[in-house]
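Novice: okay, sequence plus prediction incoming.
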Amino acid sequence: DLPGFQDYIKQLSSVCGSSINSLAELVSALKIRLEHFKKHGCSVSDHGLDKFVFTRDFSESQVDQIFKKALKNEELTLQEIVQYKSYLLVELGKVYSQYDWVMQLHMGALRNNNTKMFNMVGADFGFDSINDKNYAPELSAFLDTLNMMDALPKTILYSLNPRDNEMLGTMIGNFQGDIPGKIQLGSGWWFNDQKDGMEKQLIAISNLGLLTRFVGMLTDSRSFLSFSRHEYFRRILCNMIGTWAEDGEAPMDLDYLGGIIKDISYNNAHHYFKI
């Protein structure tokens with residue numbers, strides 16, 4: 001549904017060294033690229049799904065026709081776009097599960113709001129904000145579809161809207177299994193990677209999930225200074241758990257609590273990502 005889709009497919013075809021004229025050839029090409037990154041040590045995927053959409057109502061033959069329409073630059077209906085995206089998400093999720101990759105889903109951004117500035121400087125130059133679209137049923141259906149196939153990979157769910165913390169905090173509980181902490185509520189992201197946002201996310205995990213299995217802070221890594229978020233996060237984490245202990249809400253056992261903090265700050269991610 002984005003401008004330049006046909007050019008992207010041509011570039012993908014060139015990189016893979018094979019023509020892409022059908023859905024099967026597209027999926028094959030994407031698998032070739034995933035295999036390339038796997039050989040170079042990649043173990044994590046990241047999908048920026050500003051508006052999370054999903055439907056179970058699709059077939060491979062339907063999506064093949066939708067893909068061929070897009071190649072011809074023919075107009076697609078909203079339903080066709082959702083069917084195409086749903087099919088690809090499932091196919092990619094199956095590969096991530098096979099490779100034992102972590103699937104990250106970043107949701108809830110509303111991008112390019114200022115048309116005047118968009119025309120001046122282009123996409124993603126800061127004129128973005130929080131979206132308020134509801135997507136719990138669609139997300140549940142997607143995770144359930146992969147789970148029914150025994151192909152649900154380790155998954156981290158991030159939302160730019162802090163009001164979604166509790167929804168995601170309960171959603172991850174629906175699909176845990178195989179390994180401890182398999183489905184994660186991601187750390188405070190973008191507008192939420194400040195003190196209040198981090199604390200709200202930590203409280204949501206503590207109330208609705210298992211804080212001790214949390215894999216900790218993330219970094220976009222677009223600038224060197226962004227790495228300071230990890231140190232800031234650890235101070236907030238220590239302050240929160242220390243306050244619980246001082247208030248009698250957690251045991252005053254520094255070795256036990258210190259172990260939890262070390263796990264969240266390092267050990268859990270070390271094991272989860274197989275670093």
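Specialist: Cool, got the structure. Numbers count the residues shown, from 1 in each chain.

Novice: rest of the way, CA atoms for contacts and neighbours
Specialist: Noted.

Novice: what about Leu254, distance to Leu202?
Specialist: Distance, Leu254 to Leu202, using Cα to Cα, to the nearest Å: 19 Å.

Novice: these two: who's more crowded?
Specialist: A count of neighbours by other Cα atoms under 10 Å puts Leu202 above the other of Leu254 and Leu202, at 24 against 11.

Novice: ok, which stretches of the stretch 1-150 of the chain are helices?
Specialist: Ranges of helices in the stretch 1-150 of the chain, per DSSP state H, counting those that start in this stretch, are 5-16, 23-39, 60-71, 78-99, 115-121, 136-148.

Novice: average pLDDT for the fifth one?
Specialist: If I follow you right, that is helix 115-121. Averaging pLDDT along helix 115-121 gives 92.

Novice: also the longest one?
Specialist: Here the mean pLDDT over helix 78-99 is 98, rounded to a whole number.

Novice: check which residues of it are buried.
Specialist: 80-88, 90-97, 99 (16 or more other Cα atoms under 10 Å).

Novice: what's the burial count for Val15?
Specialist: Neighbours around Val15, by other Cα under 10 Å: 12.

Novice: and what of Leu143?
Specialist: Neighbours of Leu143 (other Cα under 10 Å): 21.

Novice: cool, Leu225 as well?
Specialist: 9.

Novice: how about the helix or strand of the chain with the lowest mean pLDDT: buried residues?
Specialist: The weakest-scoring helix or strand in the chain, judged by mean pLDDT, DSSP states H and E, is helix 115-121 (a mean of 92). Within helix 115-121, the residues that count as buried by 16+ other Cα under 10 Å are Phe118.

Novice: got the contact list for it?
Specialist: Identification of contacts with helix 115-121 by Cα atoms under 8 Å, 6 or more residues apart in numbering yields Asn112, Phe125, Phe127.

Novice: give me the PyMOL select line for these, limited to the buried ones.
Specialist: Selecting only the buried entries of the contacts of helix 115-121 in PyMOL, with 16+ other Cα under 10 Å as the criterion:
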select buried, resi 112
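
Novice: adding pLDDT and distance to Lys274, write the contacts of helix 115-121 out as JSON lines.
Specialist: Listed next are the contacts of helix 115-121 as JSON lines, based on pLDDT from 0 to 100; distance: Cα to Cα, whole Å:
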{"residue": "Asn112", "pLDDT": "91", "distance to Lys274": "36"}
{"residue": "Phe125", "pLDDT": "80", "distance to Lys274": "34"}
{"residue": "Phe127", "pLDDT": "91", "distance to Lys274": "36"}
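
Novice: format the contacts of helix 115-121 as JSON lines; extra columns: distance to Pro137.
Specialist: Putting the contacts of helix 115-121 into JSON lines (distance: Cα to Cα, whole Å) gives the following:
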{"residue": "Asn112", "distance to Pro137": "26"}
{"residue": "Phe125", "distance to Pro137": "31"}
{"residue": "Phe127", "distance to Pro137": "29"}
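
Novice: how many neighbouring residues does Gln201 have?
Specialist: Neighbours of Gln201 using other Cα under 10 Å come to 24.

Novice: swap in Asp247?
Specialist: Asp247, neighbours per other Cα under 10 Å, totals 11.

Novice: enumerate every residue touching it.
Specialist: So Asp247 contacts nothing (Cα under 8 Å, 6+ apart).

Novice: per-residue confidence for it?
Specialist: So Asp247 comes in at 98 (pLDDT).

Novice: got phi/psi on it?
Specialist: Dihedral angles of Asp247 (phi, psi; degrees, to the nearest 10) stand at phi -90, psi 0.

Novice: roughly how far does it sit from Leu210?
Specialist: 20 Å.

Novice: check Asn119 too.
Specialist: 45 Å.

Novice: same thing with His47?
Specialist: For His47, the distance to Leu210 - Cα to Cα - is 24 Å.

Novice: who's more crowded, those two?
Specialist: When His47 is set against Leu210 and neighbours are counted by other Cα under 10 Å, the residue ahead is Leu210, at 16 against 11.

Novice: distance of the more buried one from Asp193?
Specialist: 20 Å.
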